[in-house]
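Student: missing the sequence, but the structure's below:
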């Protein structure tokens with residue numbers, strides 16, 4: 001590391017290294033924040049785009065674009081110090097999840113449009129990214145980050161003919177064939193990303209976006225959508241229509257408690273799995289921990305999740321609310337369905353309580369359950385479950401075995417679907433439906 005930088009940063013890890021380039025993860029000595037230092041060796045073959053990326057990022061300020069902290073050099077290297085972006089690439093995220101909800105698609109698509117709009121309306125000249133692809137988009141909590149501006153160009157008033165930039169699979173025809181590029185070139189690349197994301201949506205949901213994507217991907221640039229704001233308008237209309245459809249759906253109770261008959265019966269597992277299922281199904285739900293166990297803090301400690309500015313932590317379809325986060329400072333909890341992990345304590349304010357009990361003899365509790373309690377059994381045989389349900393005069397849901405609560409199996413999804421339909425609808429809505 002440069003002498004000028006070693007007095008301010010401590011090396012944590014070497015992320016990437018070649019004969020010409022070195023990328024290092026560092027920690028700032030004054031703040032403790034993590035940053036990335038990109039170093040490139042000084043010689044006649046030093047790529048021009050390295051310097052262009054540095055000069056571009058210096059002028060950009062957007063939550064979806066990495067922050068350039070400083071540039072430096074010594075006798076052997078040029079250095080760029082950037083914000084460290086934690087998360088998975090969009091490609092990794094999609095392949096890992098295999099399917100996403102329409103809400104997730106819209107949130108991702110609208111964030112990407114906003115980043116591209118910022119670049120295309122940059123003053124005094126528009127900036128073209130020219131290498132849009134899923135690998136260059138990082139899912140960082142609830143914020144997408146667009147990275148790698150090595151191929152970006154400033155579009156001056158005189159116009160430019162840039163050739164052979166971008167990745168072949170996502171590059172627009174004019175990039176491949178040496179034509180002039182403009183904002184429509186980025187719109188083509190964004191359309192390719194959208195078409196890839198649509199593969200992970202249910203078939204019936206894809207139809208709403210196929211017309212838009214087709215217009216973004218027209219081979220003839222003159223017939224392609226020319227302004228990113230038109231893409232944003234289309235997505236906003238679908239978003240509003242989606243909100244109206246949700247209003248007509250049956251509403252879930254907004255506070256659901258999960259209580260264990262005693263410690264160790266799996267109440268936290270059930271609570272986490274329910275949050276993941278609800279978010280995956282298109283409902284906004286979040287987990288609140290009212291036990292003494294530091295569940296969410298441990299997730300952060302072991303890098304299982306990342307924290308957003310809203311005081312929530314994010315991991316795949318899971319969302320958890322930190323009671324000491326910014327959301328609490330605002331004086332009100334976030335909007336959405338609260339799934340409260342109560343441990344062994346009851347919550348009288350909950351609209352419904354999921355009571356988790358164990359079929360193991362040493363963990364059984366003979367207790368009369370309240371009317372609003374939903375009985376969930378862990379480690380019960382069907383015969384034992386039937387006997388216990390008759391004693392309690394309640395329906396019992398047998399929770400299927402699953403190794404990871406964040407990855408809801410089909411059996412768990414079917415269980416929660418039945419539970420929602422039978423038990424977790426708002427009473428007001430039930431009466432309206434009767």
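Tutor: Okay, I see it. All values reported here derive from a predicted model rather than from experimental measurement.
Student: State the three-state secondary structure for residue 413.
Tutor: Secondary structure, DSSP: H, G, I helix; E, B strand; the rest coil: residue 413 is helix.
Student: Could you find the closest non-adjacent residue to it?
Tutor: Spatially, and ignoring its direct neighbours in sequence, residue 413 is nearest to residue 277 (6.1 Å; Cβ to Cβ, 6 or more residues apart in numbering). (C-beta placed from N, C-alpha, C; glycine too.)
Student: Provide the count of other residues in contact range of that neighbour.
Tutor: Residues contacting residue 277 under the criterion other Cβ atoms under 10 Å number 22.
Student: Show me where the stretch 1-150 of the chain dips below the pLDDT cut-off.
Tutor: For the stretch 1-150 of the chain, residues meeting the criterion pLDDT under 70 lie at 1-4, 44-52.
Student: can you give me the helices in it?
Tutor: 3-6, 48-58, 90-97, 102-120 (DSSP state H, counting those that start in this stretch).
Student: Figure out how far the host helix or strand of residue 232 is from the centre of its chain.
Tutor: If you go by DSSP states H and E, residue 232 is part of helix 228-247. How far helix 228-247 lies from its chain's middle: 19 Å, per Cα atoms, centre = their mean, to the nearest Å.
Student: Checking the residue lying farthest from the centre of the chain next. Helix, strand or coil?
Tutor: Most distant from the centre of the chain: residue 391, at 43.8 Å, with distances by Cα atoms, centre = their mean. At residue 391 the chain is in helix, as set by three-state DSSP.
Student: Look at it and report its pLDDT.
Tutor: Note on residue 391: pLDDT of 79.
Student: how close does it sit to residue 78?
Tutor: Distance, residue 391 to residue 78, by Cβ to Cβ, to the nearest Å: 75 Å.
Student: so what are the domain limits for the chain?
Tutor: With domains defined by automatic domain parsing, the chain comprises 3-83, 88-247, 255-433.
Student: show me what contacts residue 224?
Tutor: If you count contacts by Cβ atoms under 8 Å, 6 or more residues apart in numbering, residue 224 has them with 184, 187, 188, 215, 216, 217, 218.
Student: Now the fourth one: phi and psi?
Tutor: For residue 215, the backbone dihedrals are phi -70, psi -30 (criterion: degrees, to the nearest 10).
Student: do the first one as well
Tutor: For residue 184, the backbone dihedrals (degrees, to the nearest 10) come out as phi -70, psi -20.
Student: my guess is it meets residue 172, correct?
Tutor: Yes. Between residue 184 and residue 172 there is a contact at 7.5 Å, judged by Cβ atoms under 8 Å.
Student: who touches both of those two?
Tutor: Common neighbours of residue 184 and residue 172 (Cβ under 8 Å, 6+ apart) are residue 221.
Student: more crowded one of those two?
Tutor: More crowded of residue 184 and residue 172, by other Cβ under 10 Å: residue 172, with 27 against 21.
Student: any idea how far the spatially closest residue to that one that is not a sequence neighbour lies from residue 174?
Tutor: Distances taken as Cβ to Cβ, 6+ apart place residue 188 nearest to residue 172, at 3.7 Å, with adjacent residues excluded. As judged by Cβ to Cβ, residue 188 and residue 174 stand 8 Å apart.
Student: Need the distance between the two termini of stretch 386-402.
Tutor: By Cα to Cα, to the nearest Å, the extent of stretch 386-402 from end to end equals 22 Å.
Student: just stretch 376-384 next, same as before
Tutor: 13 Å.
Student: what residues does it touch?
Tutor: 265-266, 270, 354-360, 385, 388, 396-399.
Student: Buried residues, that stretch. List them.
Tutor: By neighbour count with 16 or more other Cβ atoms under 10 Å, stretch 376-384 contains the buried residues 376, 377, 378, 380, 384.
Student: what does stretch 127-137 give?
Tutor: 127, 128, 129, 130, 131, 132, 133, 134, 136, 137.
Student: Show me the two of these that sit farthest apart.
Tutor: 127 and 134 (20.3 Å; Cβ to Cβ).
Student: Let me see the mean pLDDT of stretch 305-315.
Tutor: Here the average pLDDT along stretch 305-315 is 74.
Student: distance between the ends of it?
Tutor: First-to-last residue span, stretch 305-315, Cα to Cα: 5 Å.
Student: Under the pLDDT cut-off, which ranges of the stretch 201-350 of the chain? List them.
Tutor: 245-252, 303, 308-310, 323-333.
Student: Can you show me the helices along it?
Tutor: Remark: helices assigned in the stretch 201-350 of the chain by DSSP H, counting those that start in this stretch are 203-216, 228-247, 267-280, 295-301, 326-329.
Student: Nearest to residue 18, out of those helices?
Tutor: Per Cβ to Cβ, nearest to residue 18 of those: helix 295-301, 33.0 Å.
Student: burial measure for the residue nearest to residue 156 when sequence neighbours are not counted, as a count.
Tutor: With sequence-adjacent residues excluded and distances taken as Cβ to Cβ, 6+ apart, residue 156 is closest to residue 125, at 5.4 Å. Residue 125 is flanked by 11 other residues according to other Cβ under 10 Å.
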